[in-house]
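Undergrad: Have a look; sequence and predicted model below, questions after that.
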Amino acid sequence: MSARQTPLDISFEFFPPNTDAGRDKLMRARDALATRDPRFFSVTYGAGGSTQHRTLDAVKAVRECGIDTAPHLSCVGSEKAQLRDLLTRFREDGIKRLVALRGDLPSGMGGVGELRYANELVEFIREETGDHFEIAVAAYPESHPQAPSFDHDVENFARKMRAGADIAITQYFFTAEAYFHFVERVRALGVEAPIVPGIMPITNYTKLARFSDACGAEIPRWIRKQLETYGDDSEAIAGFGEEVISRLCQQLLDGGAPGLHFYTLNQAQPTLKVLDNLRY
């Protein structure tokens, strides 16, 4: 792969740890990835506030390195007053970016809250805070798993962008054509904002298959079959995964993708190896 002549717009996602060992792991990953000059970090957030406290603690810790950090904010299971308080706290803490999501309703929770969809959350954030936040929303190149059709999902995505979102970050995928097809479709609907591919490094086949089945991300059959042949050989899985993801990222960048957003799972090395292969 040829050396890059211009900076690469990248960002990295973490999840809030629930143990001291997990926090130490997160800080090590943060420090290692901060050396690549990311545009921002993001920290996931559980629906209905299930990890709200840990998310806020993780955002505070991650931001200590001086890089903008965007908390995830989901609306399902939350009331407007709760969301308003969070937005006020974010502003007081100097947070400038948010990832606005619908979220999934935790089991046992009776209602969905006052806001049902991500476009309503984006509208609410804009009504409450104006242009203070850069708002990112989710995109699904292979369609949201609960969408009745691809066309319906594309329309929903366009609705989120028209509500006031600035950028979109996609669910991870392994076929570049799915991303380019999605971008083409939403551009035809007048959406011109950046759509950043979400990238999931491959390090563990069992976990990847479980995540993918849950979120509707398609693992191509040839990738599944190759990973199955490695069994528990983690080194072989990681090496193959590095090759597959590096090639995917190069295809995306060559095709005009505006950057890359890595789902790190609080690990630095798999992402760093891909970036090294991209000569970044």
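TA: That came through fine. Keep in mind that what you see is a predicted model, and the values were worked out from it rather than measured.

Undergrad: which one's the longest helix in the protein?
TA: Identified as the longest helix of the chain according to DSSP state H is helix 234-254.

Undergrad: What residues sit buried inside it?
TA: By neighbour count on 16 or more other CB atoms under 10 Å, the buried set for helix 234-254 is 237-238, 240-242, 244-246, 248-253. Where C-beta positions appear, they are placed from N, C-alpha and C, glycine not excepted.

Undergrad: In CSV: these, plus distance to residue 204 and pLDDT.
TA: Below are the buried residues of helix 234-254 laid out as CSV (distance: CB to CB, whole Å; pLDDT from 0 to 100):
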residue, distance to residue 204, pLDDT
237, 7, 96
238, 9, 96
240, 12, 97
241, 9, 97
242, 13, 98
244, 14, 98
245, 13, 98
246, 18, 98
248, 18, 98
249, 19, 98
250, 23, 97
251, 23, 98
252, 23, 98
253, 25, 97
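
Undergrad: Return the member of the residues you listed nearest to residue 52.
TA: Nearest to residue 52 among these, counting by CB to CB, is residue 245 at 31.3 Å.

Undergrad: mind listing the helices in this structure by residue range?
TA: 20-34, 52-63, 80-92, 118-129, 150-162, 176-188, 205-215, 221-230, 234-254, 269-277.

Undergrad: Report the angle between the longest one and helix 205-215.
TA: It refers to helix 234-254. Using axes from the mean of the first three to the mean of the last three CA atoms, to 10 degrees, one finds that helix 234-254 and helix 205-215 are set 50 degrees apart in direction.

Undergrad: okay, the angle between helix 234-254 and helix 269-277?
TA: Going by the same axes, to 10 degrees, helix 234-254 makes 50 degrees with helix 269-277.

Undergrad: With the first one instead?
TA: With the same axes, to 10 degrees defining the directions, helix 20-34 sits at 10 degrees from helix 269-277.

Undergrad: doesn't residue 199 make contact with residue 245?
TA: Yes - assessed by CB atoms under 8 Å, residue 245 is found in contact with residue 199 at 6.4 Å.

Undergrad: Which residues are in contact with each of the two?
TA: Taking CB atoms under 8 Å, 6 or more residues apart in numbering as the contact criterion, the residues that touch both residue 245 and residue 199 are residue 274.

Undergrad: buried sites along the helix or strand of the chain with the lowest mean pLDDT?
TA: Within the chain, no helix or strand scores below helix 52-63, which has a mean of 88 by mean pLDDT, DSSP states H and E. Residues of helix 52-63 classed as buried: 52, 54, 55, 56, 58, 59, 61, 62, 63 (neighbour count, 16+ other CB under 10 Å).

Undergrad: what's the nearest residue to the fifth one if we skip its chain neighbours?
TA: Translated: residue 58. Spatially, and ignoring its direct neighbours in sequence, residue 58 is nearest to residue 16 (3.9 Å; CB to CB, 6 or more residues apart in numbering).
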